[in-house]
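Asks: okay, here's the prediction I keep looking at, along with the sequence it came from:
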Amino acid sequence: MPKLTEEDRQNLLPALYEAGWKPADGRDALNKTYKFSGFVEAFGFMTRAAIYAEKWNHHPEWSNVYNRVDVTLTSHDVGGLSERDVKLAQKLDALAG
Ligand SMILES: C[C@H](O)[C@H](O)[C@H]1CNC2=NC(N)=NC(=O)C2=N1
């Protein structure tokens, strides 16, 4: 799947920005920090998200500190954002509630 075109970005990214995603510094990627009520909730989110990441063979770059999960999405094989990242971002937002 190729990188998002300029038109794709204009069509798809504003909704993600509305949902709290931000362009990553210095790379063609999206960042978002999720905050949960505690560690188990944060890790449970990661567990559920991991099932989709594996099913879709598209994996986040993420880190967890207690109730916080910092996520970066990009498509390594094309060196930037693709529709896979948009789809996974939407799924993560749905799972986070
Ligand atoms: C071998 C495996 O299919 C590839 O490395 C997959 C795994 N998950 C991936 N995840 C992401 N974000 N980008 C990729 O290019 C990618 N490639």
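Replies: Received it, and whenever you're ready, just let me know what you need.
Asks: give the buried residues for whatever helix or strand residue 93 lives in.
Replies: In this structure, residue 93 sits in helix 83-96 according to DSSP states H and E. Across helix 83-96, burial judged by 16 or more other C-beta atoms under 10 Å covers 84, 85, 86, 87, 88, 89, 91, 92, 93, 95, 96. Placement of C-beta: from N, CA and C, glycine included.
Asks: pretty sure the last one sits against residue 32.
Replies: No - if you go by C-beta atoms under 8 Å, residue 96 and residue 32 don't touch, sitting 9.0 Å apart.
Asks: ok, residues contacting the helix holding residue 93?
Replies: Defining contact as C-beta atoms under 8 Å, 6 or more residues apart in numbering, one finds that helix 83-96 is touched by 1, 4, 8, 12-13, 16, 19, 21, 29-30, 32, 34, 36, 45, 48-49, 52-53, 56, 58, 60, 71, 73-75.
Asks: of those residues, list those near the ligand.
Replies: 58, 74, 75 (C-beta under 6 Å from any ligand atom).
Asks: got the residues of this structure near the ligand?
Replies: Residues of the chain lying close to the ligand (C-beta under 6 Å from any ligand atom) are 57, 58, 59, 74, 75, 76, 77.
Asks: helix, strand, or coil at residue 47?
Replies: For residue 47, the assignment made with DSSP: H, G, I helix; E, B strand; the rest coil gives helix.
Asks: I'd like to know how far it sits from residue 53.
Replies: 11 Å (C-beta to C-beta, to the nearest Å).
Asks: neighbour-wise, which of those two wins?
Replies: With neighbours defined as other C-beta atoms under 10 Å, residue 47 and residue 53 compare such that residue 53 has more, 17 against 10.
Asks: just checking, what packs against the helix or strand harbouring that one?
Replies: According to DSSP H and E, residue 53 maps onto helix 39-55. Helices and strands touching helix 39-55, as assessed by 3 or more C-beta pairs under 8 Å, 6 or more residues apart in numbering; DSSP states H and E, comprise strand 61-65, strand 68-73, helix 83-96.
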